[in-house]
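>>> model the following, please.
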Amino acid sequence: MKTVELSGTQLDWAVGRCRGLVLALHGVVPYSTDWVHGGPIIEREGMSLEFRPMGSMHEWVALSGDEYAGGETPLIAAMRCYVASKLGEEIDLPVEIRDHEQDCPAMDGFGCKCEEEVK
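Numbering: from 1, shown residues only. This is a model prediction of the structure:
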């Protein structure tokens with residue numbers, strides 16, 4: 001899957017993989033939606049974030065070295081940028097992660113909320 005298309009559980013799983021974690025579906029940390037988890041990565045990697053209005057649309061862009069990525073929120077953009085810098089522009093996702101969000105009953109506009117329901 002293309003890094004720029006990752007969101008929700010898929011993106012959070014990929015960030016965990018970059019950090020050397022082996023994660024099951026319900027062990028995924030919400031890096032792309034929780035500043036407590038994603039913020040330290042942004043700081044450590046020296047990323048910069050920029051808001052780009054484009055007419056009625058807008059996008060956040062994260063920059064880190066030669067890598068950049070966009071997203072609906074600063075955390076989504078930053079985590080996509082982080083994954084791209086560590087794993088490349090395309091990654092392989094495990095089937096359970098890749099297919100989960102299609103059938104997830106706890107989906108919202110930012111991805112799966114299963115992890116929040118498990119707490």
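
>>> contacts and neighbour counts: CA atoms only from here.
Fine.

>>> what about the helices in this structure?
8-18, 35-45, 74-87, 95-103, 114-118 (DSSP state H).

>>> adding distance to residue 52, write the ones you listed out as a markdown table.
Output for the helices of the chain, formatted as a markdown table (distance: least, C-alpha to C-alpha, whole Å):
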| stretch | distance to residue 52 |
| --- | --- |
| helix 8-18 | 22 |
| helix 35-45 | 18 |
| helix 74-87 | 11 |
| helix 95-103 | 28 |
| helix 114-118 | 30 |
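
>>> so which of those comes closest to residue 54?
Of all the helices of the chain, it is helix 74-87 that lies closest to residue 54, at 15.8 Å by C-alpha to C-alpha.

>>> how far away is residue 41 from residue 18?
Noted for residue 41: a distance of 11 Å to residue 18, by C-alpha to C-alpha, to the nearest Å.

>>> among the two, which residue is more densely surrounded?
Neighbour comparison, residue 41 and residue 18: the larger count goes to residue 41, with 19 against 16 (by other C-alpha atoms under 10 Å).

>>> and the pLDDT at that one?
pLDDT recorded at residue 41 is 97.

>>> got it, and the one 3 residues further on?
You'll see residue 44 listed with a pLDDT of 97.

>>> give me the phi and psi for residue 33.
The phi and psi values for residue 33, taken as degrees, to the nearest 10, are phi -130, psi -10.

>>> for burial, what's the neighbour tally of the closest residue to it other than its chain neighbours?
The shortest distance from residue 33 to any non-neighbouring residue, by C-alpha to C-alpha, 6 or more residues apart in numbering, is to residue 75 (6.4 Å). The burial count assigned to residue 75 is 25, neighbours taken as other C-alpha under 10 Å.

>>> ditto for residue 83
Residues lying near residue 83 (other C-alpha under 10 Å) number 27.
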